[in-house]
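turn this into a structure:
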Amino acid sequence: MKVIIYGSDLTAWVAAACLAKAGNNVVIQGPDNQIDKPLQSISAIRDEPGLLNQIERQISENRLSRDISAIDADIHWLALQPNERAAAEVIIDNLSGYTPENLLVVNQCSFGVGATDELQQQLDEDKNQAIVYIPDNLQEGKALQGFSQPERIILGTNSDWALTVTRSLIRPFLQNIEHLQLMTSREAEFTKFATTGMLALRLGYINELANLADQLDVDIDVIRDGMGADPRIGNHYLQPGCGFGGQNFHNYISRFSEIFQKKRHNSLLKTVIDENEIQKELLFRKLWQFYKSDLSGKAVAIWGASFKPGTASIDNAPSLKVIDALLAQGVHVNVHDPEALPNLKNLYTDEPLLSYCDSPYQAAKDCDAVLLITEWPEYWSPDYLKLIEEMRTPLIIDGRNIFDKEALEMYGFSYIGVGR
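Numbers count the residues shown, from 1 in each chain. Below is the predicted model of the structure:
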């Protein structure tokens with residue numbers, strides 16, 4: 001099939017790469033200033049593992065191209081950002097006139113509940129002009145795998161014709177699927193928002209419990225194990241830490257929170273979002289308390305700057321809040337991250353107090369604390385003897401509770417975790 005994908009962020013590029021790999025002829029259209037940019041300079045492509053190589057391969061095999069003028073296609077795929085609703089309306093309006101019959105549009109945008117129905121009103125259903133909503137279940141760091149090997153797919157449409165064509169398009173990705181759910185587009189949109197909101201609520205709740213456990217001298221890991229053993233709860237998204245980040249996740253919960261506030265004037269999600277911003281500064285506050293509000297002359301190592309392991313993205317990353325707070329106090333900050341340092345350098349240009357390090361041990365040299373923010377695999381089992389030799393003050397503040405507290409204290413470290 002010939003597919004045109006409209007969008008310029010990670011969702012659009014992942015769809016383009018995977019649909020092209022499945023044998024489709026794919027054209028991607030982004031904003032004018034994105035069309036001719038080198039692929040390596042587009043952060044959405046560069047930061048996602050494997051995506052740049054896959055896109056370059058599909059381009060070299062002539063299954064993927066960039067063309068702002070293309071309009072003729074079997075399927076038109078909307079992968080625009082939440083603030084690009086007006087652009088979607090223009091696209092739909094243009095397509096309705098260009099393809100009077102058998103026009104299929106796939107909407108993967110998080111515009112809100114009911115948005116697909118409103119776009120459908122611009123089309124003529126009697127002439128098989130139809131829109132199918134497919135929720136974006138992208139997880140940054142695992143985006144290619146999530147698209148090409150999904151565990152579940154939701155299709156939202158009222159058109160049997162659109163459903164048949166869409167299932168034909170996504171058939172290569174249905175081999176190992178556990179759930180293919182069919183519902184109206186409005187129900188599919190609500191389901192996506194509700195699922196993302198539930199995950200955010202779980203993260204917010206476990207962080208709130210961890211902060212309370214600190215005050216009550218209770219180990220949150222024990223509490224978490226007890227909660228997770230209850231089959232009604234389980235362990236998924238129940239790991240306390242120093243806040244969550246990521247552009248895609250943040251966009252969805254923020255958009256859903258806006259819908260709640262518009263309809264109900266208040267929202268649990270708004271509280272979760274606000275508290276998460278406070279949680280991102282948790283490690284700084286613990287450091288501040290340890291040194292009794294005096295960080296003058298201190299040097300601090302940060303292990304992990306990306307918003308989660310497996311990606312170079314620093315979008316809404318907790319590390320940024322911590323770095324900003326440390327720099328404001330005149331602290332010298334050494335940062336190590338396996339992937340995210342180039343993005344950090346682009347953000348903090350010419351910052352004399354910020355150093356970028358090739359190894360965790362280089363970052364820790366002559367430091368008064370190591371702040372573990374992102375739980376990359378290479379941080380889980382460091383050489384403790386080497387680490388304590390490098391540090392000026394053997395203090396570990398563990399923002400993801402990955403270290404064994406008793407072992408660290410045995411080696412001579414002061415250890416501070418989240419709710420431990």
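
CA atoms for contacts and neighbours, from now on please.
Fine.

domain parsing of the chain, as residue ranges.
Listed domain ranges for the chain are 2-183, 192-274, 280-416 (source: automatic domain parsing).

mean confidence for stretch 163-176?
For stretch 163-176, mean pLDDT rounds to 93.

for it, buried residues please.
Judged by neighbour count using 16 or more other C-alpha atoms under 10 Å, the buried positions of stretch 163-176 are 163, 166, 169, 172, 173, 174.

stretch 102-118 now?
Using 16+ other C-alpha under 10 Å as the test for burial, stretch 102-118 gives 102-117.

return the closest of those residues with respect to residue 386.
Proximity of these to residue 386 was ranked by C-alpha to C-alpha; the top entry is residue 110 with 47.9 Å.

name the SS class of that closest one, please.
Residue 110 falls in the coil class when you classify it by DSSP: H, G, I helix; E, B strand; the rest coil.

so what does it look like in phi/psi?
The phi/psi pair for residue 110 (degrees, to the nearest 10) reads phi -100, psi 60.

and it, what is it in contact with?
Residue 110 makes contact with 81, 82, 135, 136, 189, 252, 255, according to C-alpha atoms under 8 Å, 6 or more residues apart in numbering.

hang on, isn't the second one packed against residue 115?
This points to residue 82. No: with contact defined as C-alpha atoms under 8 Å, residue 82 and residue 115 do not form a contacting pair (10.9 Å).

mind checking which helix or strand the nearest residue to residue 193 once chain neighbours are set aside is in?
Nearest-residue entry for residue 193: residue 256, 6.0 Å, with adjacent residues in sequence omitted and distances by C-alpha to C-alpha, 6 or more residues apart in numbering. Per DSSP states H and E, residue 256 falls inside helix 247-264.

for that helix, which residues meet the burial criterion?
Using 16+ other C-alpha under 10 Å as the test for burial, helix 247-264 gives 248, 249, 250, 252, 253, 254, 255, 256, 257, 258, 259, 260.

and what of stretch 155-163?
Burial within stretch 155-163, assessed by neighbour count using 16+ other C-alpha under 10 Å, is assigned to 155, 156, 157, 158, 162, 163.

quick check, pLDDT for residue 358.
With respect to pLDDT, residue 358 scores 96.

hmm, residue 283 and residue 399 touching each other?
Yes: between residue 399 and residue 283 there is a contact at 6.6 Å, judged by C-alpha under 8 Å.

overlap of the contact sets of the two?
In contact with both residue 399 and residue 283: 242, 371, using C-alpha under 8 Å, 6+ apart.

number of residues surrounding residue 134?
Residue 134: 22 surrounding residues under other C-alpha atoms under 10 Å.

what about it? Give its phi and psi, please.
With angles defined as degrees, to the nearest 10, residue 134 sits at phi -120, psi 110.

gap between it and residue 26?
When distance is defined by C-alpha to C-alpha, to the nearest Å, residue 134 is 18 Å away from residue 26.

likewise for residue 380?
Per C-alpha to C-alpha, residue 380 is found 41 Å from residue 26.

more neighbours: these two, which one.
Taking neighbours as other C-alpha under 10 Å, residue 380 and residue 26 compare with residue 26 leading, 28 against 13.

so that one sits in a strand?
Yes: according to three-state DSSP, residue 26 belongs to a strand.

per-residue confidence averaged over the helix holding residue 256?
Helix 247-264 comes out at a mean pLDDT of 78.

just checking, which helix or strand succeeds that helix along the chain?
Counting by DSSP H and E, what follows helix 247-264 is helix 268-279.

and for that following helix, what's in contact with it?
197, 200, 201, 204, 207, 242, 243, 244, 253, 254, 256, 257.

which strands or helices does the helix or strand hosting residue 20 pack on?
Secondary structure assignment for residue 20, by DSSP H and E: helix 10-21. The elements that helix 10-21 packs onto, with contact taken as 3 or more C-alpha pairs under 8 Å, 6 or more residues apart in numbering; DSSP states H and E, are strand 2-6, strand 25-29, helix 43-46, helix 51-60, strand 64-66, helix 143-148.

so which of these gets nearest residue 97?
Closest to residue 97 of the helices and strands packed on helix 10-21, according to C-alpha to C-alpha: strand 2-6, at 16.5 Å.

adjacent strands (with direction) for the closest one?
strand 25-29 (parallel), strand 75-78 (parallel) (DSSP bridges).

let me see the mean pLDDT of the last one.
In other words, strand 75-78. 97.

tell me the first helix or strand C-terminal of that strand.
With secondary structure assigned by DSSP H and E, strand 75-78 is succeeded by helix 85-98.

export that following helix as CSV, just CAs?
Listed in CSV are the C-alpha atoms of helix 85-98, where the atom choice follows Å, rounded to 0.1, in the frame of the first residue of the first chain:
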residue,chain,number,x,y,z
ARG,A,85,-5.3,20.0,15.6
ALA,A,86,-5.8,22.9,13.2
ALA,A,87,-3.3,21.3,10.8
ALA,A,88,-5.2,18.0,10.9
GLU,A,89,-8.4,19.8,10.0
VAL,A,90,-6.7,21.4,7.0
ILE,A,91,-5.3,18.0,5.9
ILE,A,92,-8.7,16.4,6.2
ASP,A,93,-10.4,19.2,4.3
ASN,A,94,-7.9,18.9,1.4
LEU,A,95,-8.1,15.1,1.3
SER,A,96,-11.9,15.1,1.2
GLY,A,97,-11.9,17.0,-2.1
TYR,A,98,-8.9,15.3,-3.6
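
show me the contact partners of it.
Contact with helix 85-98 is made by 71, 78, 80, 103, 111, 119, 122, 123, 124, 129, as judged by C-alpha under 8 Å, 6+ apart.

for the helix or strand following that helix, name the packing helices and strands.
Note on helix 85-98: by DSSP H and E, the next helix or strand toward the C-terminus is strand 103-107. Applying 3+ C-alpha pairs under 8 Å, 6+ apart, we find strand 103-107 packed against strand 75-78, strand 129-133.
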